[in-house]
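Chemist: A predicted structure for the sequence below; I have some questions about it.
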Amino acid sequence: MIRTHVAIILRPTPFQEGGVVVSLLNELGERMVGIARGAKKPSAKWVSAFEPLALVRVSFFGKEHVELRRITRCDLLHSPMTLGHLESNLVCACLADLFDRVAREGVEDERLFRLLSACARALKAQPDRALGVLAYAEHWLLHCLGLLPHPRICGHCGSETSPLARLDPEQGWCCTACTPVDPAEALPPGAREHLRVLRTCRAEEAPDPSSSEAAQAITRLLRDRLVQELGGNLQSYQVLDRLVL
């Protein structure tokens, strides 16, 4: 049986005899895995399609519940990779790594496909804003995982106006009016406003994580929370830290 999907490439892993095992996120937000035999050979027609975050139309051959299907065709529709733009291409790798861990086989979540598609388009259109796109994706991935409460009100006292002090694992965002915290450890002024921007802007409009003290603190907080939830040790992030951050 042959099934065709529109999907986003996540992780291509070299396999024996020039083949590639590829994980993808299909249009329904489900993670799929297939093997493309001979994809790395010089004569292969589809080698350029297996780049992280490439949007492809891919055909699989195999029974529905088989874990590893054979990829029979893969047509490249769009690629966010930008020649000579290191920062943007490294962010592509980070996003592919994140979504490869978040998405699940047999579990559909269309929000994941919509989010990753939006981020890929933004990276292609605005490669110089790559770090903002990454921070935007991290924020919404935490939301999709049910780990990010709404910042509009304090989870402890219900205040909508007091500056946010910290993110509590049980109560959510807590404000300075009800939460004693060392000023050196509290979130900087503007944290609530930065979170509001992330919730309302489009991926290509995502603010630069270094644009303010609040943006830097929120980006670091959410990234640490997400990486911790995913088990840490994301090699793509280590490369990004070493070469860019």
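Modeler: Structure's in. What do you need?

Chemist: Contacts for the strand of greatest length in the chain next, please.
Modeler: With secondary structure taken from DSSP state E, the chain has its longest strand at strand 2-14. Residues outside strand 2-14 that contact it (CB atoms under 8 Å, 6 or more residues apart in numbering): 20-27, 31-32, 40, 49-61, 64, 72-73, 77, 96-97, 99-100, 103, 113, 116-117, 120. Backbone N, C-alpha and C define where each C-beta goes, glycine included.

Chemist: What is the three-state secondary structure of Ala165?
Modeler: Of the three states, Ala165 takes strand under DSSP: H, G, I helix; E, B strand; the rest coil.

Chemist: Domain ranges for the protein, per the record?
Modeler: Listed by automatic domain parsing, the domain ranges of the chain are 1-79, 120-243.

Chemist: in stretch 109-126, what counts as buried?
Modeler: 109, 112-113, 115-124, 126 (16 or more other CB atoms under 10 Å).

Chemist: which pair in these spans the largest distance?
Modeler: Farthest pair in those (CB to CB) is Asp109 and Gln126. Separation: 25.7 Å.

Chemist: where does this protein dip in pLDDT?
Modeler: 39-48, 63-67, 245 (pLDDT under 70).

Chemist: where's the spatially most central residue of it, which helix or strand?
Modeler: The residue lying closest to the centre of the chain (CA atoms, centre = their mean) is Leu95, at 3.8 Å. Per DSSP states H and E, Leu95 falls inside helix 86-102.

Chemist: same check, this time on Leu28
Modeler: Secondary structure assignment for Leu28, by DSSP H and E: no helix or strand.

Chemist: swap in Arg114?
Modeler: Arg114 belongs to helix 110-125 when assigned by DSSP H and E.

Chemist: Please enumerate the strands of the chain.
Modeler: Counting by DSSP E, the chain has these strands, from start to end: 2-14, 20-26, 31-36, 55-61, 69-78, 164-168, 172-175.

Chemist: Out of those strands, which is closest to Ala217?
Modeler: The nearest among the strands of the chain, by CB to CB, is strand 164-168 at 10.0 Å.

Chemist: Work out the gap between the closest one and the centre of the chain.
Modeler: Offset of strand 164-168 from its chain centre (CA atoms, centre = their mean, to the nearest Å): 24 Å.

Chemist: Ok, stretch 12-31 next?
Modeler: How far stretch 12-31 lies from its chain's middle: 17 Å, per CA atoms, centre = their mean.

Chemist: residues in contact with Leu86?
Modeler: By CB under 8 Å, 6+ apart, the contact list for Leu86 reads Leu243, Val244.
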